[in-house]
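Q: Turn this into a model:
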Amino acid sequence: MRLFTRIGIIFVWILLIAIVFYFPSWKSQILPQYDKSLNIFAWGDILDLEVLKQFEKDTGIKVNLSFYASNEELSVKMKATGGEGYDLIMPSDYIVAQLLKEHLLQPLDKSQLDFWDKLNPALLNYAFDPENQYSVPFEWELFGFVVDIPFFEGRPLPDSWKAIFDKDTIDYQIAMTNDPVEVFQFASNYLFGPLQSVTEKQFQGIRKLLLQQRKWIVAYSDFRADYYIATGNAPLAISTTSYVKRIQKNFPKIRFIIPEEGSFVTIENFCIPKATNKQKYVYTLLNYLFRKESLISHQTRFLNLPPSSAYLDEMDLNSEERQLLTMTHQEFARFQFFKNLVPQQRVRDLWVEVKSF
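A: Predicted coordinates:
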């Protein structure tokens, strides 16, 4: 009897400990209506914290934010966890396709999205999610050249990808982006045009070009184009529409130029992980973020191009941005999306070689 009593006491203590440590997670899975919170995994500079604070006050739904530094980090964590622990994520276009292949996303219930008819049609129905069954575009950016106009006085303004790759054209330093997938595809497109995959011979050609280009690169950096142009270290940098608008306020003599051959676009999307059971709260947040006040606040704070053309007159937009935001689907389709042309590890290995060259 004493033995059974002791076993019973031990069992009770184990049960109590389990309840203390694990009941919160059980509660969120079994009784989600009692766990009024959302876990969001996103870029660090894409969501307006003031809007989220107001959302919490208005709805009583707590928002927990976690941040990632690259799409690859998001992809790795989603695969490692099966999406458990995340209720809403924000992948770029090409990562949406990867997550779909891994069966990590759940389809959208568009009947619960009251803003769908206000989305810019030019941002919908692309190969990474052909009917937008799993992704909602939230903001987008276009890549191009940030050019120091005084430096190029008396010489043609760079309007071709030759301006960063052609050894017979370049007699200046360049500030390049710091993303290996982006840089690899810039080079691939320059040499071979749009591709779905890369052969070994093509890979070696891209490798040779990037090693050659290394001689003209003052830095690989995503957020310091203004520094390199202001200091005269680089009269040309590769950057995006939002970043250019930020630095034009302090450096009005720069210009954003889209290469004549076309350029690359990236769309940041909301997706719902398959593992979440908090759909009710997720759709409440999505509808809140796509309200007019929220979209205007996000565009004002981050200067990204918005997902809707419905409120252009109330946003701080220049003529070039307005032209981009009123493009047709056919006009928008001349821009390319990034994709993984070769296995990620091979691109990372090449990137290490290039940066240490």
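Q: Every contact and neighbour count from this point should use C-alpha atoms.
A: Noted.
Q: can I see the domain layout of the protein?
A: Domain ranges of the chain: 11-140+267-326, 141-265+337-355, per automatic domain parsing.
Q: what's the span of the last one from first residue to last?
A: Looking at domain 141-265+337-355, the gap from its leading to its trailing residue is 25 Å under the measure C-alpha to C-alpha, to the nearest Å.
Q: ok, which stretches of the stretch 251-357 of the chain are strands?
A: 254-257, 264-270, 336-337 (DSSP state E, counting those that start in this stretch).
Q: If you average pLDDT over each of the ones you listed, which is lowest?
A: Mean pLDDT per stretch puts strand 254-257 lowest among these, at a mean of 91.
Q: Distance from that one to the middle of the chain?
A: Its chain's C-alpha centre and that of strand 254-257 lie 22 Å apart, by C-alpha atoms, centre = their mean, to the nearest Å.
Q: Packing partners of that strand?
A: Packing contacts for strand 254-257, counted by 3 or more C-alpha pairs under 8 Å, 6 or more residues apart in numbering; DSSP states H and E, involve strand 136-148, helix 241-248.
Q: The last one relative to strand 264-270, how many degrees between them?
A: Regarding helix 241-248 and strand 264-270, their directions subtend 110 degrees when assessed with axes from the mean of the first three to the mean of the last three C-alpha atoms, to 10 degrees.
Q: Just the CA trace of helix 241-248, in PDB.
A: Extracted C-alpha coordinates of helix 241-248, given in PDB (Å, rounded to 0.1, in the frame of the first residue of the first chain):
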ATOM      1  CA  THR A 241      12.200  52.500 -54.400                       C
ATOM      2  CA  SER A 242      11.600  52.900 -50.700                       C
ATOM      3  CA  TYR A 243      15.200  53.400 -49.700                       C
ATOM      4  CA  VAL A 244      15.800  55.800 -52.500                       C
ATOM      5  CA  LYS A 245      12.900  58.000 -51.400                       C
ATOM      6  CA  ARG A 246      14.400  58.000 -47.900                       C
ATOM      7  CA  ILE A 247      17.800  59.300 -49.000                       C
ATOM      8  CA  GLN A 248      16.500  61.800 -51.500                       C
END
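Q: Could you list every helix and strand in contact with it?
A: By 3+ C-alpha pairs under 8 Å, 6+ apart, helix 241-248 packs against strand 136-148, strand 254-257.
Q: winner for burial among those strands?
A: Ranked by mean neighbour count, the helices and strands packed on helix 241-248 are led by strand 136-148 with a mean of 23 (mean count of other C-alpha atoms under 10 Å).
Q: so how far is it off the chain centroid?
A: Remark: strand 136-148 is offset 11 Å from the chain centroid, using C-alpha atoms, centre = their mean.
Q: same check, this time on stretch 49-68
A: That offset, for stretch 49-68, works out to 20 Å (C-alpha atoms, centre = their mean).
Q: Now do the end-to-end distance for that stretch.
A: Note: stretch 49-68 ends 16 Å apart using C-alpha to C-alpha.
Q: just stretch 84-100 next, same as before
A: 16 Å.
Q: List the buried residues of that stretch.
A: The neighbour-count check on stretch 84-100 (16 or more other C-alpha atoms under 10 Å) flags 85-99 as buried.
Q: Of these, which is the nearest to residue 230?
A: residue 92 (30.4 Å; C-alpha to C-alpha).
Q: For that closest one, which residues are in contact?
A: By C-alpha atoms under 8 Å, 6 or more residues apart in numbering, the residues touching residue 92 are 71, 266-269.
Q: Equivalent analysis for residue 121, please.
A: 328-329.
Q: switch to 6 Å and redo it
A: Contact analysis of residue 121 by C-alpha atoms under 6 Å, 6 or more residues apart in numbering lists nothing.
Q: Residue 273 now?
A: Taking C-alpha under 6 Å, 6+ apart as the test, what residue 273 contacts is 83, 104-106.
Q: ok, which pair from those is furthest apart?
A: Distance extremes for the contacts of residue 273: the farthest pair is 83 and 106 at 10.6 Å, using C-alpha to C-alpha.
Q: Could you grab the helix/strand/coil label for residue 54?
A: Secondary structure, DSSP: H, G, I helix; E, B strand; the rest coil: residue 54 is helix.
Q: do residue 175 as well
A: Residue 175 - assigned by three-state DSSP - is strand.
Q: For it, which residues are in contact?
A: Residue 175 neighbours (C-alpha under 6 Å, 6+ apart): 217-219, 237.
Q: Mark which of these are part of helices, please.
A: The helices, defined by DSSP state H, take in nothing from those.
Q: mind checking the SS state of the closest residue to residue 329 other than its chain neighbours?
A: Nearest non-adjacent residue to residue 329, counting by C-alpha to C-alpha, 6 or more residues apart in numbering: residue 122, 4.1 Å away. Secondary structure, three-state DSSP: residue 122 is helix.
Q: again with residue 228
A: helix.
Q: Tell me how far it lies from residue 313.
A: From residue 228 to residue 313 the distance is 34 Å (C-alpha to C-alpha).
Q: cool, residue 111 as well?
A: From residue 111 to residue 313 the distance is 28 Å (C-alpha to C-alpha).
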